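Engineer: Sharing a model that was predicted from the sequence below.
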Amino acid sequence: MHSNRRLIGRYDWSYGERFAVAVALVVLSLLWLTSTEAMWAIVVAWVGAAGGALGVLYSGWRCIRTRGDSH
């Protein structure tokens, strides 16, 4: 019944797309960090930057591995 993933509204992101989103999260978090003064916002910005950096490392590593396996 649900053989086509597009019919149920799910999109399977590639590791390259995940890498780009993680880079955008790092950039936006660091930009927000430069313009904020509230302590909670500083903490959220650092958590976002750290999470984005981990996402960059993981998705970049997986993207490189999947490209290496395909050749």
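Structural biologist: Perfect, thanks for sending it. Numbering: from 1, shown residues only.

Engineer: Can you pull the poorly scored residue ranges out of the protein?
Structural biologist: 1-11, 69-71 (pLDDT under 70).

Engineer: so where do the helices sit in it?
Structural biologist: Remark: helices assigned in the chain by DSSP state H are 15-35, 39-70.

Engineer: Just send the ones you listed back as TSV, with mean neighbour count too.
Structural biologist: Where you see a C-beta, it was placed from the backbone N, CA and C, and this is true even at glycine. Formatted as TSV, the helices of the chain follow (neighbours: other Cβ atoms under 10 Å):
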stretch	mean neighbour count
helix 15-35	15
helix 39-70	13
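
Engineer: quick one: contacts for L33?
Structural biologist: For L33, the contact set (Cβ atoms under 8 Å, 6 or more residues apart in numbering) comprises I42, A45, W46, A49.

Engineer: Please read the previous query as pertaining to S59.
Structural biologist: By Cβ under 8 Å, 6+ apart, the neighbours of S59 are Y15, G16, R18, F19, A22.

Engineer: Find the residue at the geometric middle of the chain.
Structural biologist: A22 (2.5 Å; Cα atoms, centre = their mean).
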